[in-house]
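Asker: Build me a model:
(2 chains)
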Amino acid sequence: MERVLLKNIENPESADINEYKKAGGYKGLPKALGMQPREIIDEVKKAGLRGRGGAGFPVAMKWTFASADPKFPKYLLCNADEGEPGTFKDRPILEKNPHILIEGMAISGYALGAEYGYVYLRGEYPGAKDVLNRAIAQAYEQGFLGDNIGGKGVRFHLAVHQGAGAYICGEETALIESLEGDKGQPRIKPPFPVNVGVFSKPTVVNNVETLSNLPYLIEIGGEAYSKIGSPDCPGPKIYCVSGHVERPGVYELPMGTSLKDIIYDHCGGMKAGRKLKAVIPGGISTPVLPPDKIDCPMDFVNMPKHGSMLGSGAVIVMDESVCLVKVCFRALKFFEHESCGKCTPCREGTGWLRKILGRIEHGEGVDGDIELLLSVAGNILGKTFCPLGDGAASVVQNFIKHFRPEFEEHIRAGKCMVNG
Amino acid sequence: MFRETAIKEIEAIREQYPTARAALLPAIYVAQREFGWLSPEAYESVSSVLGVPRATVRGVATFYAMYKHRPMGRHLVQLCTNVSCMILGAEKLVDFLKNRYGLEAGGMSSDGRFSLVIMECIGACGTAPAMLVNNDFYENLTEKYIEEILEKYR
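Answerer: Numbers count the residues shown, from 1 in each chain, chains lettered A, B, ... in the order given. Got it, this is the predicted structure:
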């Protein structure tokens, strides 16, 4: 498949507007401006585009809700708070292909009737901030942003808002709180952001990769787009692979490429011929899989049928040198640190899970600890404001489900079976 | 209080939003840069420029990991230890920074040259282990490579 989202990124000047245009950029926006906003939403619906941030929500549905709300002005927010551990798929777009995002946002803004957009960029990407600001200035100069886009009187203004190091701000209502100048704590829903979002106005929050699909989608049309990759869930997808493979990195492939092919074909298999022990397929919050369960299409529809989730498409590959109790413990340290503290099951539960896992990892586990972990996890799952708590609980449940003997051995022997 | 240039900068940022409150996060970044850390004077300055109560400024600032609430070294070393970096040896690098530079997580070297912050994922997982020094990414780290990198930061 020809690359769409990461096209031209080997060119050292790829972030420049003229290079982007030379590579075929800014063709979707003029086409979109010749259509009615409703027609654009229909194309997106025909394309079957789903949000790439992790939840896979149908984009056209979100847009339809927001565009139907009579309140004004409307806002379009780009979620560039890429913080799910293992995920580095949006960074190459932000640093090397920023105009595809800007063009995608201008198209989306027009379709929604949103005149203002912000890119909520994670604080840990300072380089991307400079690249984006330069690219936005160029887009204003050439009339792709501003008060009269394409000479058609269409308004769309865009600015970068830098986050300050909080994983939770990737959750859309926490992102909105943070953009408004508050602590990033999720809101209870409803009302949904499409009706009452940032500054109490209708707001669409879409991921970087999602919005970057728009120029191509509009250029080739929804029908043709829907033929790419998985029929249930079409389009190009950036998978980012880390850990013990020969060639870790970002891979833009048709949605639904099998996890096994990603690891063994695209990434060249296991590093130094070592044995695969476990794979986290979609960022740390998604259920871990053992080696015999990786023959599955990596898309939003099929991964749940195979016991996990696509999440952000962040594949973490672990070989037999890895202690999974330690990985689980490290993951829970992360969730405890990043819990925003708003709701009790998550705030207290992640801490308790981390403490129990810590004592197992350090050889001080006692009989009944595994049951205790499962009990605490069960009391978090489904009882929190946002999915952070669910992620933490499901990490514990799935590590135990697939690798229980390793936890038992830690408790029984008081030490690790991998690292002694 | 802020220098005149910083006040102008914050006022320009303020123009990008429909409310003054929304300029709070970027204004705190400006304060951190101007004062080196978020001292009581830094909070007071943000509060007076944006008209947001000082307690609110402090409450918001302390929620976020990248705002610094004590004086920092001249260079900020931000090392990731999350899973992708951990399984490729980040913990050994934490020990190395401690033994070689006297750097503890959250602490500063005795000569004031470096501060160390242990990060959650910084989005460099495919080239792990990784760190940021100030605003620059360094990837595929080894002990030797870290020594070479830090040599550049005096």
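Asker: tell me the contacts of residue 29?
Answerer: No chain was given, so I picked chain A. By C-beta atoms under 8 Å, 6 or more residues apart in numbering or on different chains, the contact list for residue A:29 reads A:103, A:106-107, A:144, A:149-150, A:215, A:218. C-betas here are computed from N, CA, C, even on glycine.
Asker: Sorry, I should have been clearer: chain B.
Answerer: A:162, A:164.
Asker: ok but it is inside a helix, no?
Answerer: Yes. Using DSSP: H, G, I helix; E, B strand; the rest coil, the secondary structure at residue B:29 is a helix.
Asker: Can you tell me how far it is from residue A:381?
Answerer: 36 Å (C-beta to C-beta, to the nearest Å).
Asker: again with residue A:43
Answerer: Applying C-beta to C-beta to residue A:43 and residue A:381 gives a distance of 38 Å.
Asker: and these two? which has more neighbours close in?
Answerer: residue A:43 (23 against 18; other C-beta atoms under 10 Å in any protein chain shown).
Asker: The more buried one contacts residue A:221, correct?
Answerer: Yes. Using C-beta atoms under 8 Å, residue A:43 makes contact with residue A:221 at a distance of 6.3 Å.
Asker: returning to what we had before: keep only those of the contacts of residue A:29 that are in helices.
Answerer: A:103, A:106-107, A:215, A:218 (DSSP state H).
Asker: Out of those residues, which two are the most distant from each other?
Answerer: A:106 and A:218 (10.8 Å; C-beta to C-beta).
Asker: before we move on, the earlier item: out of the contacts of residue A:29, which one sits closest to chain B?
Answerer: residue A:106 (17.2 Å; C-beta to the nearest C-beta).
Asker: OK, contacts around the closest one?
Answerer: Contacts of residue A:106 by C-beta under 8 Å, 6+ apart are A:29, A:139, A:144-145, A:149, A:156, A:158.
Asker: Residue A:95 too?
Answerer: A:15, A:125, A:127-128, A:131.
Asker: for residue A:156, same thing?
Answerer: If a contact means C-beta under 8 Å, 6+ apart, then residue A:156 has A:105-106, A:109-110, A:114-117, A:145-146, A:149 as its contacts.
Asker: Going along the chain, name the strands of the stretch 51-200 of chain A.
Answerer: Remark: strands assigned in the stretch 51-200 of chain A by DSSP state E, counting those that start in this stretch are A:74-80, A:114-121, A:146-149, A:154-162.
Asker: distance between the shortest one and the chain's centre?
Answerer: A distance of 30 Å separates the centroid of the chain from that of strand A:146-149, by C-alpha atoms, centre = their mean, to the nearest Å.
Asker: now check that strand, is it near chain B?
Answerer: No. Using C-beta under 8 Å from any C-beta of the partner chain, we find that strand A:146-149 stays clear of chain B, coming within 14.2 Å at best.
Asker: Could you list the residues in contact with that strand?
Answerer: With contact meaning C-beta under 8 Å, 6+ apart, strand A:146-149 is reached by A:29, A:33, A:106, A:110, A:140, A:143, A:154-157.
Asker: How is chain B partitioned into domains?
Answerer: Listed domain ranges for chain B are B:4-63, B:75-151 (source: automatic domain parsing).
Asker: can stretch A:287-301 be found next to chain B?
Answerer: No. Stretch A:287-301 lies out of reach of chain B by C-beta under 8 Å from any C-beta, never closer than 10.5 Å.
Asker: Tell me how many other residues surround the residue lying closest to residue A:328 once chain neighbours are set aside.
Answerer: Leaving aside its sequence neighbours, residue A:328 sits nearest to residue A:399 (C-beta to C-beta, 6 or more residues apart in numbering or on different chains; 4.3 Å). By other C-beta under 10 Å, 25 other residues sit near residue A:399.
Asker: Residue A:399: what's it in contact with?
Answerer: A:288, A:324-325, A:327-328, A:407.
Asker: Contacts for the helix or strand harbouring residue B:146 next, please.
Answerer: Here residue B:146, judged by DSSP states H and E, is contained in helix B:143-151. The contact list for helix B:143-151 (C-beta under 8 Å, 6+ apart) reads B:75, B:77, B:92-93, B:96-97, B:100-101, B:114, B:131, B:133, B:138.
Asker: Ok, stretch A:189-202 next?
Answerer: Contacts for stretch A:189-202 (C-beta under 8 Å, 6+ apart): A:62, A:65-66, A:69, A:71-75, A:77, A:118, A:172-173, A:176, A:179-180, A:203-205, B:18-19, B:22.
Asker: Can you list which of these are found in helices?
Answerer: Per DSSP H, those map to helices at A:62, A:65-66, A:172-173, A:176, A:179.
Asker: Which residue ranges make up the domains of chain A?
Answerer: Chain A breaks down by automatic domain parsing into domains covering A:17-225, A:236-319, A:324-413.
Asker: can you redo these as a markdown table with mean pLDDT?
Answerer: Shown next, in a markdown table, are the domains of chain A (pLDDT from 0 to 100):
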| stretch | mean pLDDT |
| --- | --- |
| domain A:17-225 | 97 |
| domain A:236-319 | 98 |
| domain A:324-413 | 97 |
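Asker: returning to what we had before: could you provide the domains of chain B in CSV, with additional columns for mean pLDDT and distance to residue A:363?
Answerer: What follows is those, written out as CSV (pLDDT from 0 to 100; distance: least, C-beta to C-beta, whole Å):
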stretch, mean pLDDT, distance to residue A:363
domain B:4-63, 97, 35
domain B:75-151, 97, 17
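Asker: so which of those gets nearest residue A:48?
Answerer: Nearest of the domains of chain B to residue A:48, taken as C-beta to C-beta: domain B:75-151 at 27.9 Å.
Asker: picking that back up, need the max-distance pair from the contacts of residue A:156.
Answerer: Greatest spacing in these, by C-beta to C-beta: A:114 and A:146 (14.4 Å).
Asker: Which one of those two is surrounded by more residues?
Answerer: A count of neighbours by other C-beta under 10 Å puts residue A:114 above the other of residue A:114 and residue A:146, at 26 against 16.
Asker: Just list the residues touching residue B:22, thanks.
Answerer: Neighbours of residue B:22 in contact, by C-beta under 8 Å, 6+ apart: A:161, A:179-181, A:199.
Asker: Show me which of the residues you listed is closest to residue A:244.
Answerer: residue A:161 (36.4 Å).
Asker: does the closest one really touch residue B:26, like I thought?
Answerer: Yes. Contact criterion C-beta under 8 Å: residue A:161 and residue B:26 qualify, at 7.2 Å.
Asker: Please report how far residue A:92 lies from residue A:242.
Answerer: Applying C-beta to C-beta to residue A:92 and residue A:242 gives a distance of 14 Å.
Asker: which of these two has more neighbours?
Answerer: Using other C-beta under 10 Å as the criterion, residue A:92 and residue A:242 rank with residue A:242 on top: 29 against 21.
Asker: hang on, that one packs against residue A:84?
Answerer: No. At 11.9 Å, residue A:242 does not count as touching residue A:84 under the criterion of C-beta under 8 Å.
Asker: can you list residues touching both of the two?
Answerer: Common neighbours of residue A:242 and residue A:84 (C-beta under 8 Å, 6+ apart) are residue A:314.
Asker: now the residue nearest the centre of chain A: how far from chain B?
Answerer: Nearest to the mean C-alpha position of chain A, by C-alpha atoms, centre = their mean, lies residue A:53 at 3.0 Å. Distance of residue A:53 to chain B, computed by C-beta to the nearest C-beta, to the nearest Å: 14 Å.
Asker: cool, residue A:346 as well?
Answerer: Between residue A:346 and chain B the computed distance is 15 Å (C-beta to the nearest C-beta).
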